[in-house]
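Asker: Attaching a predicted model along with its sequence, questions to come.
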2 protein chains.
Amino acid sequence: MAIISVGTVAFDAIETPFGKRDKVVGGAATYISLSASFFHQPIGLVSVIGDDFDQEMLGKMKQRNINLDGLQIKEGEKSFFWSGKYHYDMNTRDTLDTQLNVLEHFQPVVPEDFLNCDYVMLGNLAPAVQQSVIKQMKSKPKLVVMDTMNFWMDIALDQLKETIAMVDVLSINDEEARQLSGEYSLVTAAKKILAMGLKYLIIKKGEHGALLFDKDQVFFAPALPLEVVMDPTGAGDTFAGGFIGYIASKDDISFDTLKNAIIAGSAMASFTCEKFGPERLLSLTSAEIKERIAEFESLINFDFDINALI
Amino acid sequence: MAIISVGTVAFDAIETPFGKRDKVVGGAATYISLSASFFHQPIGLVSVIGDDFDQEMLGKMKQRNINLDGLQIKEGEKSFFWSGKYHYDMNTRDTLDTQLNVLEHFQPVVPEDFLNCDYVMLGNLAPAVQQSVIKQMKSKPKLVVMDTMNFWMDIALDQLKETIAMVDVLSINDEEARQLSGEYSLVTAAKKILAMGLKYLIIKKGEHGALLFDKDQVFFAPALPLEVVMDPTGAGDTFAGGFIGYIASKDDISFDTLKNAIIAGSAMASFTCEKFGPERLLSLTSAEIKERIAEFESLINFDFDINALI
């Protein structure tokens, strides 16, 4: 197993200006695994669900070579449920309901077969839970990437910082980078956060793209300007999946490979936004991804004539 | 004269989280002309000032081969004055004071020598005033670019649309594109605005970069992530100056040239943000611009391995 994906597998109820769904499959590990599977297979999934979960979706995940040995199924319990409503700008949303259910006492157990894995993608979970996964690994992975959110900065900052020091890459959004560092400038924020013990930092800016930093370099990937953003739920996790999937397929953790992994993640995320839930990922083909990568290239490619300067 | 720059030449009072200046030279035509002069000279400036204006600044503009024959000086009157305060995020600002002074009855008079000019950059002014410049031209310019703002959409929408139909390129920010089109998606907004009679549309997103559209293509230039943004006043006009300057130096109006012109504009704008007013432009060298263009290239350059896909 080269990649393991840890995070929620859940049900979501979503309302956007373009429609409404009362119950779609969601969860960070769902999006991460599906997205990564376009670049590398198999993917080991570590998560928990109740006995109410969608069996058909589990079948579809297995078809994409997602190994579900690490997916705990709690009899008599219900799966994690999240409900949210997006504002008109699609960049902000209100959480309407969160039912932790099986997630409340989730203790991830990494199956024996996954314990020597090279690439670990930790979706947003309590920092203590993320840590417990790292501690279970038998050998040091080549790259551990973690996602998190402002919620943990508010209620578990010390544990979050302790966890950050144990991983290689942190993925957060611009507001979270500002909160975590206390700095408004993202360049200054990045320096402070990298100093917490990271090799790389990703700052996601939603429709405005994503930045990758190491201590000496910065790379920027735009988000593709989309005509229709139907539902951005899972876009960040889909990004993370494309990111870790590309890296695993190249089996390299240099800045240059991570740059391309950011493009892979951005391309994958743009698909997820086109339909509700993971629907678009399930119908996606490699040919479509290749076409979208080419769109990214043409979007930002330029050939500046330095002689135009006086 | 290949380029003329039309717009305000003014005094600004500016407060940002990083400092305060009670009186610096400002105005769209000032920034446009200074910025364009790094790519093409001479630049013909068309504007109006009072007899209170800064003579030393006029000298510095002449040194950069900016022809001031079209600059009216109104004896006994005061120059246009604007005062604003930036919020902590530097993307939004409050106008504290606007004193139109000489601008109230400004009737631009394009000097004889400027009347066959190829490239016209119309800074933000009343649409009727912008129109009057176009109507004075003896031969049709190769490219007319206009900047505008939401204010004219609120109070003079019909005249604004009439003026838009007379130019080739419109430059506005994302909120203005949404207001003008009534569309939230910038891609859909761009289609509607292009249909108003434009060849190209630029949508500026401040610290999030800029988009260039024609009816078939889109190009995105990031803004350089800056450690310190001292004062963004004039950044949009500096962008416009670099844009028109690059185009004039190449004497070509293809989409490919305009893409590079957007990069030129973005690079120039990043300098203006580093200091108050046009201070940074006055000390700038071509070598520094070349270095910054190289930073843009490294910021977004990637080499995706399509074989990473399964």
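Answerer: Structure received.
Asker: which residues touch the worst-scoring helix or strand of chain A on mean pLDDT?
Answerer: Between all helices and strands in chain A, the lowest mean by mean pLDDT, DSSP states H and E belongs to strand A:93-99, at a mean of 92. Residues from elsewhere that reach strand A:93-99 (CB atoms under 8 Å, 6 or more residues apart in numbering or on different chains): A:13, A:78, A:80, A:81, A:82, A:83, A:84, A:85, A:86, A:87. (Glycine included, C-beta is placed from N, CA and C.)
Asker: Export those residues to a markdown table and append columns for distance to chain B and pLDDT.
Answerer: What follows is these, written out as a markdown table (distance: CB to the nearest CB, whole Å; pLDDT from 0 to 100):
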| residue | distance to chain B | pLDDT |
| --- | --- | --- |
| A:13 | 23 | 96 |
| A:78 | 34 | 97 |
| A:80 | 29 | 97 |
| A:81 | 29 | 97 |
| A:82 | 24 | 95 |
| A:83 | 23 | 95 |
| A:84 | 19 | 94 |
| A:85 | 16 | 95 |
| A:86 | 12 | 91 |
| A:87 | 11 | 87 |
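Asker: Point out the ones among these that are inside strands.
Answerer: Among those, DSSP state E puts A:13, A:80, A:81, A:82, A:83, A:84, A:85, A:86 in strands.
Asker: and which of the residues you listed is nearest to residue A:268?
Answerer: residue A:86 (19.8 Å; CB to CB).
Asker: That closest one: what's it in contact with?
Answerer: A:14, A:15, A:16, A:17, A:92, A:93, A:231, A:232 are the contacts of residue A:86 under CB under 8 Å, 6+ apart.
Asker: CA-only coordinates of stretch A:5-20, as PDB, when you get a sec.
Answerer: The C-alpha trace of stretch A:5-20 is given here as PDB (Å, rounded to 0.1, in the frame of the first residue of the first chain):
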ATOM      1  CA  SER A   5      -6.200   8.200   3.200                       C
ATOM      2  CA  VAL A   6      -7.600   8.900   6.700                       C
ATOM      3  CA  GLY A   7     -10.700  11.000   7.300                       C
ATOM      4  CA  THR A   8     -14.400  11.000   7.500                       C
ATOM      5  CA  VAL A   9     -16.800   9.000   5.300                       C
ATOM      6  CA  ALA A  10     -20.100  10.600   5.800                       C
ATOM      7  CA  PHE A  11     -23.500  11.800   4.600                       C
ATOM      8  CA  ASP A  12     -24.000  15.400   3.600                       C
ATOM      9  CA  ALA A  13     -27.000  17.600   3.100                       C
ATOM     10  CA  ILE A  14     -26.100  20.500   0.900                       C
ATOM     11  CA  GLU A  15     -27.800  23.600  -0.400                       C
ATOM     12  CA  THR A  16     -26.200  25.900  -2.900                       C
ATOM     13  CA  PRO A  17     -27.700  28.700  -5.100                       C
ATOM     14  CA  PHE A  18     -27.900  26.100  -7.800                       C
ATOM     15  CA  GLY A  19     -29.800  23.300  -6.000                       C
ATOM     16  CA  LYS A  20     -30.200  21.200  -3.000                       C
END
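Asker: list the buried ones in it?
Answerer: Neighbour counts over stretch A:5-20 (16 or more other CB atoms under 10 Å in any protein chain shown) mark A:5, A:6, A:7, A:8, A:9, A:10, A:11, A:12, A:13, A:14, A:15, A:16 as buried.
Asker: Now go through those and say which are in strands.
Answerer: Using DSSP E, the buried residues of stretch A:5-20 in strands are A:5, A:6, A:10, A:11, A:12, A:13, A:14, A:15, A:16.
Asker: wouldn't the fifth one be in contact with residue A:233 here?
Answerer: Yes: contact status for residue A:12 versus residue A:233: in contact at 6.0 Å, counting by CB atoms under 8 Å.
Asker: what touches both of those two?
Answerer: Contacts common to residue A:12 and residue A:233, judged by CB under 8 Å, 6+ apart, are A:26, A:84, A:277.
Asker: For the first one, list the residues it contacts.
Answerer: The contact partners of residue A:26, by CB under 8 Å, 6+ apart, come to A:8, A:10, A:11, A:12, A:82, A:233, A:234, A:277, A:278.
Asker: just the last one next, same as before
Answerer: Contact partners of residue A:277, counting by CB under 8 Å, 6+ apart, are A:12, A:14, A:21, A:24, A:25, A:26, A:231, A:233, A:234.
Asker: how close does the first one sit to residue A:27?
Answerer: If I follow you right, that is residue A:12. As defined by CB to CB, to the nearest Å, residue A:12 lies at a distance of 8 Å from residue A:27.
Asker: of all the contacts of strand A:93-99, which two lie farthest apart?
Answerer: A:78 and A:87 (28.3 Å).
Asker: Mind checking which of these two has more residues around it?
Answerer: residue A:78 (16 against 11; other CB atoms under 10 Å in any protein chain shown).
Asker: So that one is in contact with residue A:23, correct?
Answerer: No: checked against CB under 8 Å, the pair residue A:78 and residue A:23 is beyond contact range at 12.0 Å.
Asker: which other helices and strands contact the helix or strand containing residue A:193?
Answerer: Element membership for residue A:193 (DSSP states H and E) is helix A:186-194. On a contact count with 3 or more CB pairs under 8 Å, 6 or more residues apart in numbering or on different chains; DSSP states H and E, helix A:186-194 meets helix A:174-181, strand A:200-204, strand A:210-213.
Asker: Can I have the buried ones of the ones in strands among the contacts of strand A:93-99 as a ChimeraX selection?
Answerer: Applying 16+ other CB under 10 Å to the ones in strands among the contacts of strand A:93-99 leaves a buried subset, and the ChimeraX line that selects it is:
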select /A:13,80,81,82,83,84,86
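Asker: Tell me the one of the ones in strands among the contacts of strand A:93-99 nearest residue B:290?
Answerer: For these, the nearest to residue B:290 is residue A:86 (43.4 Å; CB to CB).
Asker: if I look at the closest one, how far off is residue A:301?
Answerer: Applying CB to CB to residue A:86 and residue A:301 gives a distance of 32 Å.
Asker: ditto for residue A:205
Answerer: Taking CB to CB, one finds residue A:205 at 21 Å from residue A:301.
Asker: who has more neighbours, the two?
Answerer: For residue A:205 versus residue A:301, the count of surrounding residues by other CB under 10 Å is larger for residue A:205: 20 against 12.
Asker: most residues in a single helix of chain A, which one?
Answerer: Criterion DSSP state H: the longest helix present in chain A is helix A:255-272.
Asker: need the helices and strands packed on helix A:186-194 in a markdown table with mean neighbour count and mean pLDDT, can you?
Answerer: Output for these, formatted as a markdown table (neighbours: other CB atoms under 10 Å in any protein chain shown; pLDDT from 0 to 100):
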| stretch | mean neighbour count | mean pLDDT |
| --- | --- | --- |
| helix A:174-181 | 19 | 96 |
| strand A:200-204 | 26 | 97 |
| strand A:210-213 | 24 | 97 |
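Asker: Chain B: which of those is closest?
Answerer: Among the helices and strands packed on helix A:186-194, the nearest to chain B by CB to the nearest CB is strand A:210-213 (6.4 Å).
Asker: For the helix or strand following that closest one, C-alpha coordinates in CSV please.
Answerer: On the C-terminal side of strand A:210-213, the closest following helix or strand by DSSP H and E is strand A:218-221. Extracted in CSV, the C-alpha atoms of strand A:218-221 (Å, rounded to 0.1, in the frame of the first residue of the first chain):
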residue,chain,number,x,y,z
VAL,A,218,6.9,29.7,-3.8
PHE,A,219,4.6,28.3,-6.5
PHE,A,220,1.1,29.4,-7.4
ALA,A,221,-1.6,27.3,-9.2
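Asker: Which elements pack onto strand A:218-221?
Answerer: Secondary-structure packing of strand A:218-221 (3+ CB pairs under 8 Å, 6+ apart): strand A:210-213, helix A:255-272, helix B:286-300.
Asker: right, so of these, which gets closest to residue A:32?
Answerer: Of those, nearest to residue A:32 by CB to CB is helix A:255-272, at 10.1 Å.
Asker: Which strands and helices lie in contact with the closest one?
Answerer: helix A:28-36, strand A:200-204, strand A:210-213, strand A:218-221, helix A:235-250, helix A:279-283, helix A:286-300.
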